[in-house]
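In: need the 3D shape of this:
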Amino acid sequence: MEKETEQNKMDKIISLAKRRGFVYQGSEIYGGLGGTYSYGPLGVELKNNIKQLWWKKFVQDRTDVVGIDGPILLHPKLWEASGHKAGFGDAMVDCKECKKRFRADHLVEEAIGIDMEGENEKMNQAIQENKIKCPACGKFNWTDVRDFNMMFKTEMNGVEESVFLRPETAGAIFIEFKNIIDSTRKKIPFGIAQIGKAFRNEIVAGNFIFRLREFEQMEIEYLIHPNMDWEPLFEEWIKLQEDFALELGAKREDLRRREHSKEKLSHYSKKTVDIEYNFPFGGFKELFGLAHRGDFDLTQHSKYSNEKLEYFDQDSGERFTPHIIEPTFGVERSLLMTLISAYNEEEVEGEMRVVLKLPKKIAPVKVAILPLSKKEELTKPTMELFNSLKNSFVCQYDETQSIGKRYRRQDEIGTPFCITFDFDSLNDLSVTVRDRDTMKQDRVKIEEVESYLKEKLK
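Out: Below you'll find the model as predicted:
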């Protein structure tokens, strides 16, 4: 019953996301294209606000982090050096009856509750012994489990080798390491941050925007001395990631840490921890990640490029290859978590109110400005108020339907404040300001509205 309730909540969020202009299915008029989505007028505002909050918190407000914006198309040799060309894949299995393809580890885990990622023979055995049927057609007729590379391949004029759309953003940071050192003269420890698109040609098993073929990452490669006592710093970054999730509206009880076992660690990693969120589909799943990557990346790129990617400490005269701690954040998963955390249904005066209690700093619209009626004697001064506030806040003007229905629309999109200009406003030069969460209404002088909102939206 609880599972049905959670799925019902997810269905409502997906419906609201489309109806109110947050997220649309990609290429829907052509039947859709799996794992692709468009972000509507409110979705793009929310997405940008999340990215801006991240950039301010992790780049602009710190003296030890700088940013870059690297290209999506990178030299083919980079993917040889990183190991992506040879070993970046998922174990897949095909149904011989309906020809659909599935991630084998997901298929097995959903059927018997055991994570066998990376153990193809064990997964083959589990599928056969447990007679796991195809989720699409219900038949039991599988190919063997085998690995498929997830990189998107393309061609570039003048380049003989195949070129790939980057499957992660980190590569662009590593290969610009030397340029960043030379141009910024930053001293280690320091970090290099980037927000950018990545592409993975993987099986996408529903769950809305949780797993996509085209997605954005917010990443930092934090460079440290090889002999540094890194455990306290690692713990500090985990806490910073958790704090960011809380800033986006997550509840503390919906977050947990999961450390990767030694058997599941990447061969170069000293430690990897996922920050997981309790999603309505399947419980706790990865939201953010933190990994100690050692010196693997810079060493590999140095080897394949024949360029020395070392750091020279002018104070000590020492040269060394830095080690890297990598905090990773997914933009789309952050947005999804934010919508889920914010979604509330409340009974108000005998009727149900749907409200997105988004943190004010990331709400797509900060203020809705509403004339009580469509009469020109109200709409004209209301529009003047809108024009006076729009340079300070993202505002929305709305004059259609009753004031109650307009309040409900703004509640559904998470607008923190609604301002109503009524007939009394013509005489007392005041407006009614309504708070989204408490529904409390204050009467505020028009000349004081801007300072009132600035204080409330801090």
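In: quick one: L73 from E214, how far?
Out: 14 Å (CB to CB, to the nearest Å). Backbone N, C-alpha and C define where each C-beta goes, glycine included.
In: ok, these two, which is more surrounded?
Out: Each of L73 and E214 has its neighbours counted (other CB atoms under 10 Å); E214 has more, 16 against 13.
In: doesn't F199 make contact with that one?
Out: Yes - judged on CB atoms under 8 Å, E214 makes contact with F199 at a distance of 5.5 Å.
In: list the contacts of the strand or helix carrying V273.
Out: Taking DSSP states H and E as the definition, one finds V273 inside strand 271-279. Contacts of strand 271-279 with the rest of the structure, by CB atoms under 8 Å, 6 or more residues apart in numbering, involve 207, 210, 234, 238, 241-242, 245, 250, 253-260, 265-266, 284-292, 333, 336-337, 340.
In: and the worst-scoring helix or strand of the chain on mean pLDDT, what other elements does it pack with?
Out: The least trusted helix or strand in the chain, going by mean pLDDT, DSSP states H and E, turns out to be helix 84-87, with a mean of 80. When contacts are defined as 3 or more CB pairs under 8 Å, 6 or more residues apart in numbering; DSSP states H and E, helix 84-87 packs onto helix 76-82.
In: for the protein, which residue is closest to the average position?
Out: In the chain, the residue lying closest to the centroid (CA atoms, centre = their mean) is V331, at 2.0 Å.
In: just want the angle from the one helix or strand L16 maps to to strand 271-279.
Out: Assigned by DSSP H and E, L16 belongs to helix 2-19. Relative orientation of helix 2-19 versus strand 271-279 (axes from the mean of the first three to the mean of the last three CA atoms, to 10 degrees): 90 degrees.
In: dump helix 2-19 to CSV, restricted to CA.
Out: C-alpha atoms of helix 2-19 as CSV (Å, rounded to 0.1, in the frame of the first residue of the first chain):
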residue,chain,number,x,y,z
GLU,A,2,2.9,2.3,0.9
LYS,A,3,4.5,1.6,-2.4
GLU,A,4,1.3,2.5,-4.3
THR,A,5,1.1,5.7,-2.3
GLU,A,6,4.7,6.7,-3.2
GLN,A,7,4.1,5.9,-6.9
ASN,A,8,0.9,7.9,-6.7
LYS,A,9,2.9,10.9,-5.4
MET,A,10,5.4,10.5,-8.2
ASP,A,11,2.7,10.4,-10.8
LYS,A,12,1.2,13.6,-9.3
ILE,A,13,4.6,15.3,-9.4
ILE,A,14,5.2,14.3,-13.1
SER,A,15,1.7,15.6,-14.0
LEU,A,16,2.3,18.9,-12.2
ALA,A,17,5.7,19.2,-13.8
LYS,A,18,4.2,19.0,-17.3
ARG,A,19,1.0,21.0,-16.5
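In: alright, calling it a day.
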